[in-house]
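[1] Sequence first, then the predicted structure, then my questions.
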Amino acid sequence: MHATTRSARLRLATTIPVWVVAIIGAIVVGLTASGDGFLTWLPLVLGATIILTFCLQLATREKDGLVDRAMLSLAGSFVVLAIATGILALVSI
């Protein structure tokens, strides 16, 4: 039971910060980008979340579940940024 609890805690500790960075990045881009500028900046936010994901995974030094944690982090940030792109595209019309 201890390994399962550690795995779940590790999954949350490496996933939620990436999602928070994606949300904060989307908000900052939405507030500061003019016109279609968000189409340039949101992919850069996605790149930053990718780098952050791998930094967090390397910092844990835990190989079990690495792919699952990385995919959960990246898929969540991709969904957040896709929703932000849709909202900003609707607002800029």
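    Good, I have the coordinates.
[2] Have a look at the chain and report its longest helix.
    Identified as the longest helix of the chain according to DSSP state H is helix 2-32.
[3] which parts of the helix or strand following it are buried?
    Next along the chain after helix 2-32, taking DSSP states H and E as the criterion, comes helix 38-60. Using 16 or more other CB atoms under 10 Å as the test for burial, helix 38-60 gives 38, 41, 42, 45, 46, 49, 50, 52, 53, 56, 57. In short, each C-beta sits where N, CA and C put it, glycine included.
[4] now those in TSV, with distance to residue 19 and pLDDT?
    As requested, the buried residues of helix 38-60 are exported to TSV (distance: CB to CB, whole Å; pLDDT from 0 to 100):
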residue	distance to residue 19	pLDDT
38	19	89
41	18	94
42	15	94
45	12	96
46	12	96
49	8	96
50	13	95
52	10	95
53	10	93
56	12	91
57	15	90
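[5] quick revisit: show me what the longest helix of the chain packs onto, helices and strands only.
    For helix 2-32, the elements it packs on are helix 38-60, helix 66-92, judged by 3 or more CB pairs under 8 Å, 6 or more residues apart in numbering; DSSP states H and E.
[6] How far away from the center of its chain is the first one?
    In terms of CA atoms, centre = their mean, to the nearest Å, the centre of helix 38-60 is set 6 Å apart from its chain centre.
[7] How about the last one?
    Relative to its parent chain, helix 66-92 has a centroid offset of 7 Å by CA atoms, centre = their mean.
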